[in-house]
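**Student:** Build me a structure from this.
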Amino acid sequence: MRITAELTFPHDLKQRPVFYEIIKKFDVVPTIIEASFSSSTGWAYVTLEGEEEVIKRLFEYLESLNVIVDRRD
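**Tutor:** Okay, the predicted model is just below:
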């Protein structure tokens, strides 16, 4: 399954390797299409490839980190 989403990151995650965590914790392949980060927030437009249930758990994990997940599929 391939899903496109916009992820909006709070300031406190700016220095955290969130995409590394995604790769290590979930069997999902993220592709960053476009991204921008400032001193107060950041966003990334991404595609995620993996099993539907795994991507669902990934989105729950991101939301637990206060990342806003806006699915575009």
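**Student:** Now the element after whatever helix or strand Leu58 lives in, going C-ward?
**Tutor:** Taking DSSP states H and E as the criterion, Leu58 maps to helix 52-64. Sequence-wise, the next helix or strand downstream of helix 52-64 (DSSP H and E) is strand 68-71.
**Student:** So which bits of that next one are buried?
**Tutor:** Buried residues in strand 68-71, defined by neighbour count with 16 or more other CB atoms under 10 Å: none. C-beta coordinates here come from the backbone N, C-alpha and C atoms, glycine included.
**Student:** which other residues reach that strand?
**Tutor:** If you take CB atoms under 8 Å, 6 or more residues apart in numbering as the criterion, strand 68-71 is touched by Ile3, Thr4, Ala5, Glu6, Leu7, Thr8, Phe59, Leu62, Glu63.
**Student:** ditto for stretch 49-61
**Tutor:** Counting by CB under 8 Å, 6+ apart, 1-3, 5, 22, 25-29, 31, 48, 69, 71 sit against stretch 49-61.
**Student:** Narrow the residues you listed to just the buried residues.
**Tutor:** For these, buried by 16+ other CB under 10 Å: Ile3, Ala5, Ile22, Phe26, Val28, Leu48.
**Student:** can you give me phi and psi for the fourth one?
**Tutor:** The main-chain torsion angles of Phe26 are listed as degrees, to the nearest 10 and equal phi -130, psi 150.
**Student:** can you pull the contacts of it?
**Tutor:** Here Phe26 is in contact with Gly50, Val54, Ile55, Arg57, Leu58, Tyr61 (CB under 8 Å, 6+ apart).
**Student:** repeat that with 7 Å
**Tutor:** Gly50, Val54, Arg57, Leu58 (CB atoms under 7 Å, 6 or more residues apart in numbering).
**Student:** ok, the nearest residue to Ser36 once chain neighbours are set aside - how many residues close by?
**Tutor:** Nearest non-adjacent residue to Ser36, counting by CB to CB, 6 or more residues apart in numbering: Trp43, 6.0 Å away. Using other CB atoms under 10 Å, the number of residues around Trp43 comes to 17.
**Student:** Which pLDDT value does the model give Ser40?
**Tutor:** What the model reports as pLDDT for Ser40 is 83.
**Student:** Good, wrapping up.
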